[in-house]
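K.L.:
got a predicted structure here, sequence first:
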Amino acid sequence: MSSEQSQAVSRWFGSASEGVTFSDYIEQCSPSFAIAFRIGWTEVIEDVMPLELMIDQLPKRFEHDEKHFGLEYKPIMRGDQLERMLVMISDLTADV
């Protein structure tokens, strides 16, 4: 996980320690989401199926502190290889 994160994410979930993975970071808020993400992320990095399909199968919602959060994933590519993944988290509580 990059050291870059929004102030909103830090406020919602706390600051990330250097070197922590995204699944370890989010596990404090939603262990079940973290497990589903780890499984899905393994599929993404194994590169067996089309990337778009694997990204679409990553978990997209979880609850924490009586709030509902939605996630979007944007791949950052180097040529045809996945270099990084931008994870955007939104507070969907008002919508829910």
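P.N.:
Noted; the coordinates are in hand.

K.L.:
where's the residue most central in space within the chain, which helix or strand?
P.N.:
Among the residues of the chain, the one closest to the centroid is residue 87, at 5.0 Å (C-alpha atoms, centre = their mean). Taking DSSP states H and E as the criterion, residue 87 maps to strand 81-91.

K.L.:
what is that strand packed up against?
P.N.:
On a contact count with 3 or more C-beta pairs under 8 Å, 6 or more residues apart in numbering; DSSP states H and E, strand 81-91 meets helix 7-13, helix 31-46, strand 67-78. The C-beta positions use only the backbone N, C-alpha and C, and glycine is treated the same way.

K.L.:
of the ones you listed, which approaches residue 56 most closely?
P.N.:
Taking C-beta to C-beta, strand 67-78 is the member of the helices and strands packed on strand 81-91 nearest to residue 56, at 8.7 Å.

K.L.:
what residues does the strand holding residue 87 touch?
P.N.:
2, 8-9, 12, 22, 44-45, 47, 51, 55, 67-77 (C-beta atoms under 8 Å, 6 or more residues apart in numbering).

K.L.:
buried among these? Make that a ChimeraX selection.
P.N.:
Burial among the contacts of strand 81-91 is assessed by 16 or more other C-beta atoms under 10 Å; the matching ChimeraX selection reads:
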select :9,22,44,55,69,71,73
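
K.L.:
let me see the backbone angles for residue 66.
P.N.:
Residue 66 adopts backbone torsions of phi 60, psi 20, taken as degrees, to the nearest 10.

K.L.:
for it, give me its contacts.
P.N.:
Per C-beta under 8 Å, 6+ apart, neighbours of residue 66: residue 93.

K.L.:
and if you look at the one 4 residues further on?
P.N.:
Residue 70 sits next to 60-61, 89-90, 92 when contact means C-beta under 8 Å, 6+ apart.
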